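Novice: requesting a structural model of the entry that follows:
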Amino acid sequence: MAELSNSLKISCNWRITNEKKIKNAVTLIDSSKIVDIDEIVTLDSCIALSRQEEDDQLEVSVELTDPKISIKGVWIVSEAKVLELFGRLGEYESTTNAVNTDDCDDEDEMQVYRAKLTPKVSTRKCSIRFAGAARRNEMWILGMGIVVEPCSVLNESVSMAERVENILLESKVPLTKNAESFKEIVMSQPSFQSNVYCPGGEATLNADKMYLMQVEEKITKYIDTKFAHLEQKIDRKFDEILKILQK
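Specialist: Residues are numbered from 1 along each chain as shown. This next block holds a predicted model:
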């Protein structure tokens, strides 16, 4: 799925020490195919990382910018014994104990583990925390396989937050800092995070569009009101300054 590599955004909070990029570690895998660890781990995918802050655990954030695909699962081969999965808004989802890939008991040998992480709901954004490792300040990620599947609001169980995110991405209209903050507050509410089953049908799609239009209208109204109040405050300040200068 090399053609989808431009749809991938990935970052981590540790420093890479072997002159590679964290994106080199990732292989995108179609959900219809069987995951082959040998395809995930290659010479190019091996990333050496070093801790930057004393208390920070290694965390990798993954995001798909194409609204037509979502993350179904993540395969990781690394030195980490325990991995924690966090959702789109940073909410904790699960802890996975990785499986040792060989039977080597020598503590001086690098121990390699593999793990499969599965989001509760297919999503376009998640974070993985490498919670358990033999070495405290260094870590090898040998490969990551991101299993992706096509999205369709007509036949999938999708959260309302994901649908709003789809519309915003497709519109390609940048949000202001205030609008982005308000969007995060609204979309973090339970009603937006819960899954809604969407059976196929024109009536259902039209109802979804109407609901999302109402949400967009409420967000726009809130932002307009905030700006109006701000303009009034600025006008009052200018009036006060003018009165002082005229004295």
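
Novice: got the domain boundaries for this protein?
Specialist: Listed by automatic domain parsing, the domain ranges of the chain are 2-150, 157-246.

Novice: weakest of these in terms of mean pLDDT?
Specialist: Across the domains of the chain, domain 157-246 has the smallest mean pLDDT, namely a mean of 64.

Novice: what ranges does the protein have for its strands?
Specialist: 8-12, 15-16, 26-30, 47-50, 58-64, 69-78, 80-86, 92-97, 99-100, 113-117, 125-133, 138-150, 157-159, 195-197 (DSSP state E).

Novice: got those strands as JSON lines, with mean neighbour count and distance to residue 244 columns?
Specialist: Just so you know, the C-beta spots here come from the backbone N, C-alpha and C atoms, and that holds for glycine as well. What follows is the strands of the chain, written out as JSON lines (neighbours: other CB atoms under 10 Å; distance: least, CB to CB, whole Å):
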{"stretch": "strand 8-12", "mean neighbour count": "16", "distance to residue 244": "50"}
{"stretch": "strand 15-16", "mean neighbour count": "13", "distance to residue 244": "53"}
{"stretch": "strand 26-30", "mean neighbour count": "19", "distance to residue 244": "60"}
{"stretch": "strand 47-50", "mean neighbour count": "19", "distance to residue 244": "57"}
{"stretch": "strand 58-64", "mean neighbour count": "20", "distance to residue 244": "50"}
{"stretch": "strand 69-78", "mean neighbour count": "22", "distance to residue 244": "58"}
{"stretch": "strand 80-86", "mean neighbour count": "20", "distance to residue 244": "52"}
{"stretch": "strand 92-97", "mean neighbour count": "14", "distance to residue 244": "54"}
{"stretch": "strand 99-100", "mean neighbour count": "12", "distance to residue 244": "73"}
{"stretch": "strand 113-117", "mean neighbour count": "19", "distance to residue 244": "62"}
{"stretch": "strand 125-133", "mean neighbour count": "20", "distance to residue 244": "51"}
{"stretch": "strand 138-150", "mean neighbour count": "21", "distance to residue 244": "61"}
{"stretch": "strand 157-159", "mean neighbour count": "18", "distance to residue 244": "53"}
{"stretch": "strand 195-197", "mean neighbour count": "13", "distance to residue 244": "56"}
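
Novice: kindly reformat those strands as JSON lines containing distance to residue 39.
Specialist: Output for the strands of the chain, formatted as JSON lines (distance: least, CB to CB, whole Å):
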{"stretch": "strand 8-12", "distance to residue 39": "16"}
{"stretch": "strand 15-16", "distance to residue 39": "22"}
{"stretch": "strand 26-30", "distance to residue 39": "6"}
{"stretch": "strand 47-50", "distance to residue 39": "16"}
{"stretch": "strand 58-64", "distance to residue 39": "18"}
{"stretch": "strand 69-78", "distance to residue 39": "10"}
{"stretch": "strand 80-86", "distance to residue 39": "20"}
{"stretch": "strand 92-97", "distance to residue 39": "21"}
{"stretch": "strand 99-100", "distance to residue 39": "18"}
{"stretch": "strand 113-117", "distance to residue 39": "13"}
{"stretch": "strand 125-133", "distance to residue 39": "19"}
{"stretch": "strand 138-150", "distance to residue 39": "8"}
{"stretch": "strand 157-159", "distance to residue 39": "29"}
{"stretch": "strand 195-197", "distance to residue 39": "31"}
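
Novice: out of those, which gets nearest to residue 222?
Specialist: Of all those, the one in closest proximity to residue 222, counting by CB to CB, is strand 157-159 (21.2 Å).

Novice: in space, what's closest to residue 120 - neighbours in sequence excluded?
Specialist: Once flanking residues are discounted, residue 120 sits nearest to residue 93: 5.6 Å by CB to CB, 6 or more residues apart in numbering.

Novice: with residue 112 instead?
Specialist: residue 101 (4.7 Å).

Novice: and the one you found, how far from residue 79?
Specialist: 11 Å (CB to CB, to the nearest Å).

Novice: many thanks, we can stop here.
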